[in-house]
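A.B. asks: Take a look and give me a structure for this.
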Amino acid sequence: IRNFEYLSEKYENLIVDVSAGAEESSLNMISASDKILIVLVNEPTSFIDAFTLIKTCFLEFDLKEYCVTVNMVNSQLEGKEVYDKFSEIVMKFYDVNITFVGSMLSKNSIKKSILKKMPVVINNQDKEVLALFNNILANVNKAPNNNSSGIKFFNNSIK
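C.D. replies: Below you'll find the model as predicted:
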């Protein structure tokens, strides 16, 4: 994590994708992050993984700020309903803040990009998908940061 410091001279943001669940290597990366974006799908295993991650980050690192996006939905309303259900469960047990940052629709262009192993936003063909990603990014940027005293990716991000 300390080796990422040199990137702060070139980049304002660093996005780290970690595996689902609460593995130690994932937790170390997450605890070094200002913002945590959880990608949720409307499946029990996804809820369990996300809940366990929040529980572990809260109890072990005192992280209280989380962003949630819901993936593979048919509408933004469906995404919000999935988020509401998940948020209600988490809030019963933990004193954390969960910010809904939007949903990603289930789109053929995304499925095709996965099969081609090419990010859907690179070719800029599907303007709706690009707008959805930009909306999620804008909402994540507006969400509160976690204030952790541990190692950070970019030291200058500590305020």
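
A.B. asks: what's the weakest-modelled helix or strand in the protein?
C.D. replies: When the helices and strands of the chain are scored by mean pLDDT, DSSP states H and E, helix 24-31 comes last with a mean of 80.

A.B. asks: Which neighbouring elements make contact with that one?
C.D. replies: The contact analysis (3 or more C-beta pairs under 8 Å, 6 or more residues apart in numbering; DSSP states H and E) places helix 24-31 against helix 44-61. Placement of C-beta: from N, CA and C, glycine included.

A.B. asks: right, and Ser103 touches Glu81 too?
C.D. replies: No. Assessed by C-beta atoms under 8 Å, Ser103 is found out of contact with Glu81, at 9.8 Å.

A.B. asks: on that earlier part again, the inter-axis angle of the least confident helix or strand of the chain versus helix 44-61?
C.D. replies: The directions of helix 24-31 and helix 44-61 differ by 70 degrees, with axes from the mean of the first three to the mean of the last three C-alpha atoms, to 10 degrees as the criterion.

A.B. asks: Can you give the distance of helix 24-31 from its chain's centre?
C.D. replies: Averaging C-alpha positions (C-alpha atoms, centre = their mean, to the nearest Å) puts helix 24-31 13 Å from its chain's average.

A.B. asks: Any buried residues in that helix, and which?
C.D. replies: Within helix 24-31, the residues that qualify as buried are 26-27, 29-31, counting by 16 or more other C-beta atoms under 10 Å.
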